[in-house]
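Engineer: need coordinates for the following:
(2 chains)
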Amino acid sequence: MLAWTIYLSFLGAAMAALAPKDRPTIARWIALTTSVLGLGIGLAGILHQTNRSALQTIVDVPWIPAIHARYLLAADGISLTLVLLTGIAAVAGILFSWNITHRANQFFAFYLTLIGGVYGVFLSFDAFLFFVFYEIAIIPKYFLVAIWGSTNKEYGAMKLALYSFVGSALVLVGLIATYAHAGSPTFSLLELARQPLPTSFQVWVFPLVFVGFAILAGLWPFHTWAPTGHVAAPTAASMLLAGVVMKLGAYGALRVAMPLFPEGLAAWRDPLALLSVIGILAGAGIALIQKDFKFVVGYSSVSHMGFVLLGLMTLSVTGLSGAVLQMFSHGIIASLLFAVVGRMIYDRAHTRELSALESLQLSRALPFAAITFVLASLASMGLPGFSGFVAELQVLMGAWKTFPLYAALAGIGILIGVAYTLRVLVKAFFGQSNGTIEAATHENYAPISIPERIGALLLLGTSLLVGIYPRVLLDLILPSFETPLMKPLLKGAGL
Amino acid sequence: MNYMELLGALAPEAIVVLTALVALAVDLLVLRQAPQNARQVVAVSITAVGILAAIIALSVAAPSPPWMDGLLINHSTTAFLKQTLLVLALVAGILSIQSRFTQHTGEYVTLLLLSTVGMMLLVSSDNLLLMFVALELTSLPLYVLTAFNKESPSSSEASLKYFLIGSLSAACLLFGISLLYGLSGGITWTQLATTLRAGSEPIVYLALILTLIGFAFKVAAAPFHLWAPDVYQGAPTPVAAFIASGSKIASFYMFARIFMAALPGTAGSAAWSGATPGWVPLVAALAVVSMILGNVAAIAQRSVKRLLAYSAIGHAGYALLAILSNTEQGMGSLLYYVVTYAVTAMGAFAVVNVIERDVQAPNGESLTDFAGLSRRSPLLSLCLLVFVLSLAGIPPLAGFFGKFYIFIATAQSGTSQGLIWLVMLAIGTSAISLYYYLQILKQVYVVESVGQPTPVQLRPAESACIVAMACTVLILGCAPNWLINRFSPNSTEVRRAGVITKPSTTLELAAEIHPRITAPLGTATGLVQKRPQFETTTANAQ
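Structural biologist: This is a model prediction of the structure:
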């Protein structure tokens, strides 16, 4: 049944494309219905998963026998968590793009194509199929940013597309080399993981595949697409980019690169952990001095994704499950932050310059936006009670055992995170009025609309729920490390 | 062999020739005074009927054994390729309806069909002589067709360039195959395969290089590509489309067959460490230069047709990888690739053709003429999106699987993945290519047209062709099996055609196909007797 998340999204994309172009309402409702159904199916899939430790096969049929590719969709707890994230982010993104009227049918068609590709990646257990969905997700991003974006949109869009494509090219080299090298040629992840590849081979292929994926996860120094892309993107696209697309990269690293090349992973573990910590610190440090509100959130994404990558490198159950939880948590929180910046503020004030926002005193004009952003900042800073806290704590705990120094540095990263979050919070919402604010400016702002409120509540509620009761996801995630694909990962760490 | 049997085997080609003559006669004798549009419609209708008949003749014909030691071979693969070529010719004909580049409709259609006959013969011969004749029959009408737009100086210039470089390369090819004949004493694949060995005589390499140059020109592989950008840009668009699609299929198939089947003993290796001389490293050099030059030079282009020309050079580089993999899987991937590429290129040119008619600029179209196309014709731009993304190799379109299949075949061939460096280079250049393909799509979808968008005029037949090709690209990408199975290496027909993997099996295969050839070889009589110095080589091989 979970496979229908993919098919429905593509179907919705086709329907939205065919919708009349001068009636945006129709396309909007098609998109909303499709994504809500997708979310519903994802939830139902989680509830129906009876045997939680097992890998649940959804579809498994031969696809292209000439290259031994199978149409193999399956799900474990990690996939389900990310499918749920995709569902929530997709619904929220549509709610926050309710005001799009310019070529709305095309907008939602590209949007749903992207969502369909993302669902496909999270559910594929055949490397070829995985790659197909991974690439399907590239092109819609380009158009979403290039057509509906703002600041420097064509540059940001092209950079985003080329970085993604170069990343997937690295992955492709690795996959083809692995296929040619495997004793019995196959693309099934489970079977590939079972075939031991020579260490010398793993040592050069692992970094290709891992970095190829991690480019999309914002691995320093390949993260530069993220801030420019996020800033250029329209609200819904930046929500998806930060909320879901960056997770594609981290998920690919966890699902394909790490289980297939355990010895390569062992050889490259330390340098990669170092890069993740640099990412945490650099992202946070740069966020501290940005002048554009959206750039702050963009760089904070790089910093938070550093936690995911650091968690992956711990190779312990605590760290890995923390990394998956952080993917979910950051997906929700970053979506919310981008929604506030891009939709609630920029669409009304038409500026994102912190110095300009400072004099606008938005907390009075847009109290709902202010409250949402305060709560989202708390979540982003990793305050207990929100999902970010549980996730980052787990990553730090996992890292403490293997990389104590890096764990300490990441802790400093959290402190810088508090600093830049408070800085933008104060500047954007609680700036000092110099008394010249005309009330008229505020009256011009449209009130926060119902879809925006629903979207904000959806995201905030999810983050709170996971923060207060993390077991709702951890019960899903933890058993996934018992599956034959993921279990050898933990052995590799010698734990 | 009697002539009735020969006529039966050549029935499809005969039908096409007859169609060409009928179309010419009708146009010249009956429709001389008729309006241009009616003449075009009649000519293309006659073509359509003839091509349909030829396609039916091909699909009902039973696979026949090779005639006269492979002078003419017919099996399911050649039949399928011929059908594809015929369909492409028909599309090229349909695209030229209503175009104003010529008054000579009858001659145009006739030349188009004659060139098609050349391509059809090219895919169904295992014989050097017929190969050369077919290649010339393919090329000569194309030279003329390129110059068909008499009002455009660039059309004549392109044609002259095409003709001069083409003749030069034909001379090289002829020289090369004459050396091959001299060395082996035979002109059929089996005769060549059983006698020629690497390292026996240095002149073998000269023969290989000259033959290679001839084919490199036909498939527009760098550095023998110089004609391509001018021809693609200067030739009437339907002609350029046919050169980019049909001619590519036929030439690549012959290219692969002559080297894989006729010259397996001189292959050599292009492995990163341990390369040995032969045609494989030469093809590898062509592939490397083509992939890099094609994809990098395409970035700088401002005319979509020129851009497609450079992209075609890059694509030729990928296809060359399939040839140098020198395996049955490589052959299968090559055919999948060139057939899907041909459909995609034809589709892209069809869209360009529409735009060109729409803008009527004196210097042809340019990238900016596509600005805002998505508002002017959503259908056309969606199809262009499919074609361009397929060329860029984005799944689930056919271009993606085509490349993937070639990369797999290349990576798996050779010992211990010695060719993986070529795959890496190919994937790298493919990543570059996304940039310029997105430049086209940026014009179509992102840039807004100046002023009020006016709908693009599309004729029903034309749009049906374009939509059908876009659907083909999508379906073949999602479900490649159907096409792959047509070229399955396990099918006996392909084996009989002489697609040979390992040199050691050559003689077994030769024995299977031509029992009477092996006898003279063993007893050092017959053909080999003329060249006694090869006797020992063959004996050893046996």
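
Engineer: now the end-to-end length of stretch B:441-455.
Structural biologist: One end of stretch B:441-455 sits 18 Å from the other (CA to CA, to the nearest Å).

Engineer: quick one: contacts of that stretch?
Structural biologist: Residues from elsewhere that reach stretch B:441-455 (CB atoms under 8 Å, 6 or more residues apart in numbering or on different chains): A:106, A:143, A:146-147, A:154, B:367-368, B:370-377, B:381, B:384-385, B:388-389. All C-beta atoms are positioned from the backbone trio N, CA, C, and that covers glycine.

Engineer: residue in the stretch 1-150 of chain B nearest to chain A?
Structural biologist: When you check the stretch 1-150 of chain B against chain A by CB to the nearest CB, the closest residue turns out to be B:Thr77, at 15.1 Å.

Engineer: I figured that residue was touching B:Phe487, is that so?
Structural biologist: Yes: between B:Thr77 and B:Phe487 there is a contact under CB atoms under 8 Å: 5.9 Å.

Engineer: report how many residues lie close to residue 371.
Structural biologist: Going with chain A. Residues lying near A:Ile371 (other CB atoms under 10 Å in any protein chain shown) number 14.

Engineer: my bad, the chain I had in mind was chain B
Structural biologist: That count, for B:Ala371 with other CB under 10 Å as the rule, works out to 19.

Engineer: so how far is B:Val16 from the closest residue to it other than its chain neighbours?
Structural biologist: Once flanking residues are discounted, B:Ala371 sits nearest to B:Val447: 4.3 Å by CB to CB, 6 or more residues apart in numbering or on different chains. To B:Val16, B:Val447 is 43 Å away according to CB to CB, to the nearest Å.

Engineer: who has more neighbours out of those two?
Structural biologist: Shown here are B:Val447 and B:Val16; by other CB under 10 Å, B:Val16 has more neighbours (25 against 18).

Engineer: for the more buried one, list the residues it contacts.
Structural biologist: B:Val16 neighbours (CB under 8 Å, 6+ apart): B:50-51, B:54, B:86, B:113, B:116-117, B:120.

Engineer: restricted to helices, list these.
Structural biologist: B:50-51, B:54, B:86, B:113, B:116-117, B:120 (DSSP state H).

Engineer: which residues does B:Leu86 contact?
Structural biologist: Contacts of B:Leu86 by CB under 8 Å, 6+ apart are B:12, B:16, B:51, B:54-55, B:58, B:116, B:120.

Engineer: which pair in these has the greatest spatial separation?
Structural biologist: Maximum pairwise distance among the contacts of B:Leu86 (CB to CB): 12.5 Å, between B:Leu58 and B:Thr116.

Engineer: who's more crowded, those two?
Structural biologist: It is B:Thr116, of B:Leu58 and B:Thr116, that has more neighbours when counted by other CB under 10 Å, with 33 against 22.

Engineer: once you drop chain neighbours, what's closest to the more buried one?
Structural biologist: Per CB to CB, 6+ apart, closest to B:Thr116 is B:Ala89, 4.3 Å.

Engineer: check which helix or strand covers the one you found.
Structural biologist: For B:Ala89, the host element (DSSP states H and E) is helix B:76-95.

Engineer: measure how far that helix is from the centre of its chain, please.
Structural biologist: A distance of 11 Å separates the centroid of the chain from that of helix B:76-95, by CA atoms, centre = their mean, to the nearest Å.

Engineer: also stretch B:296-309?
Structural biologist: 20 Å.

Engineer: quick check: mean pLDDT across it?
Structural biologist: The average pLDDT for stretch B:296-309 rounds to 92.

Engineer: mind listing what's buried along it?
Structural biologist: Buried residues in stretch B:296-309, counted by 16 or more other CB atoms under 10 Å in any protein chain shown: B:297-298, B:301, B:303-309.

Engineer: hmm, back to that, quick one: which of the contacts of stretch B:441-455 sit in helices?
Structural biologist: Per DSSP H, helices hold the following members of the contacts of stretch B:441-455: A:106, A:143, A:146-147, A:154, B:373-376, B:381, B:384-385, B:388-389.

Engineer: which one (most neighbours) among these?
Structural biologist: Busiest of these [other CB under 10 Å] is B:Leu384, holding 29 neighbours.

Engineer: from the rest of the structure, what touches stretch A:369-380?
Structural biologist: A:300, A:304, A:329, A:333-334, A:336-337, A:340, A:344-345, A:362-363, A:385-388, A:417, A:421-422, A:424-425, A:428-430, A:448, A:456, A:459-460, A:463, A:467.

Engineer: residues in contact with the closest residue to chain B within the stretch 351-495 of chain A?
Structural biologist: Scanning the stretch 351-495 of chain A for proximity to chain B using CB to the nearest CB identifies A:Arg352 as nearest, at 22.0 Å. Going by CB under 8 Å, 6+ apart, A:Arg352 touches A:292-294, A:341, A:345-346.

Engineer: ok, back up a step: number of residues surrounding the residue of the stretch 1-150 of chain B closest to chain A?
Structural biologist: For B:Thr77, using other CB under 10 Å, the count is 25.

Engineer: what's the pLDDT at it?
Structural biologist: Predicted confidence (pLDDT) for B:Thr77: 88.

Engineer: how far away is it from B:Leu483?
Structural biologist: 11 Å.

Engineer: would you check that A:Phe110 makes contact with A:Pro140?
Structural biologist: Yes: using CB under 8 Å, A:Phe110 makes contact with A:Pro140 at a distance of 4.1 Å.

Engineer: now intersect the contacts of A:Arg352 with the helices, please.
Structural biologist: A:293-294.

Engineer: make a markdown table out of the contacts of A:Arg352 and add pLDDT.
Structural biologist: Below are these laid out as a markdown table (pLDDT from 0 to 100):
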| residue | pLDDT |
| --- | --- |
| A:Asp292 | 86 |
| A:Phe293 | 85 |
| A:Lys294 | 86 |
| A:Val341 | 86 |
| A:Ile345 | 82 |
| A:Tyr346 | 83 |
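
Engineer: out of the contacts of A:Arg352, give me the one that has the most neighbours.
Structural biologist: Ranked by neighbours (other CB under 10 Å), those are led by A:Val341, which has 29 neighbours.

Engineer: list the contacts for that residue?
Structural biologist: A:293-294, A:297, A:352.

Engineer: and the average pLDDT for the strand or helix carrying A:Ile412 is what?
Structural biologist: According to DSSP H and E, A:Ile412 maps onto helix A:404-429. Averaging pLDDT along helix A:404-429 yields 88.

Engineer: looks to me like A:Val59 is in a strand.
Structural biologist: Yes: assessed with DSSP: H, G, I helix; E, B strand; the rest coil, A:Val59 lies in a strand.

Engineer: which pLDDT value goes with it?
Structural biologist: For A:Val59, pLDDT reads 88.

Engineer: and what of A:Pro140?
Structural biologist: 92.

Engineer: what sits against it?
Structural biologist: A:110-111, A:113-114, A:117.

Engineer: please repeat the previous calculation with a cut-off of 6 Å.
Structural biologist: Taking CB atoms under 6 Å, 6 or more residues apart in numbering or on different chains as the criterion, A:Pro140 is in contact with A:110, A:113-114.

Engineer: list just the nearest of the residues you listed to chain B.
Structural biologist: A:Phe110 (9.2 Å).

Engineer: mind checking which helix or strand residue 310 is in?
Structural biologist: You didn't say which chain, so I picked chain A. Take DSSP H and E as the rule and A:Leu310 turns out to sit in helix A:293-314.

Engineer: not what I meant, chain B
Structural biologist: B:Tyr310 belongs to helix B:304-325, assigned by DSSP H and E.

Engineer: buried sites along that helix?
Structural biologist: B:304-325.

Engineer: ok, and does that helix reach over to chain A?
Structural biologist: No: Helix B:304-325 does not reach chain A (CB under 6 Å from any CB of the partner chain); its nearest approach is 11.0 Å.

Engineer: after that helix, next one along is what?
Structural biologist: Heading C-terminal from helix B:304-325 (DSSP H and E), you reach helix B:328-359.
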